[in-house]
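1. What shape does this take:
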Amino acid sequence: MREAAWILAAVILAGLPGLSFQETEAGEVREETLPVLKTREGGFVYVPGNRRDPFRDLLAGRDIPDKSAGTGIGQMSVADVSLIGIVKHGDRLTAIITAPHGFPYFIKGGDKFADGHVLSINIDRVVFRQTRERGIPLLRPKDIVKEINPEER
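-> Have a look, this model is predicted:
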């Protein structure tokens, strides 16, 4: 059994060097052409040599919608967010919250969450209206208040 395995391995290894060379019609052996980078004035040019160009943009000319734009806070629960700041720009207030994974999000009045929405934003707190709990609609919506530094009061 061992001898058969050694003989099989020797036959396989003996055939491998022949795979990297091609014989032309004239009988000469040449090495298979590989992709190369050629230099020219101003930089390098990739010559694929009958292969797909890995540097070509596969999505060129296609309009891809940004799926991350509305999915961030729309899938979070109101109870899972933490208020870390409120910014005032002109007369508009924007709250900065973090989710359990730690990424910050900017929210404004009316933004929707998985189980509610932002009711109002004041200078020191954000009021959320929770309309669902674990996917089940509530008969009476709950208002959840998140404050900045509530221990200072």
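
2. check which helix or strand covers Glu3.
-> Secondary structure assignment for Glu3, by DSSP states H and E: helix 2-15.

3. same thing with Ile84?
-> Ile84 belongs to strand 82-89 when assigned by DSSP H and E.

4. just to revisit the earlier point, what about the helix holding Glu3, average pLDDT?
-> The average of the pLDDT scores along helix 2-15 is 77.

5. Could you do stretch 142-153 as well?
-> Per-residue pLDDT over stretch 142-153 has a mean of 80.

6. cool, and stretch 115-129?
-> 94.

7. what about Val45, how many neighbours?
-> 10 (other Cβ atoms under 10 Å). To be clear about C-beta, it is placed using only N, CA and C from the backbone, and glycine gets the same treatment.

8. who does the host helix or strand of it pair up with?
-> Taking DSSP H and E as the definition, Val45 sits inside strand 43-47. Paired neighbours of strand 43-47 in the sheet (DSSP bridges): strand 36-40 (antiparallel).

9. ok, back up a step: tell me the strands beside the strand holding Ile84, with direction?
-> Each strand that pairs with strand 82-89, with its direction, by DSSP bridges: strand 92-98 (antiparallel).
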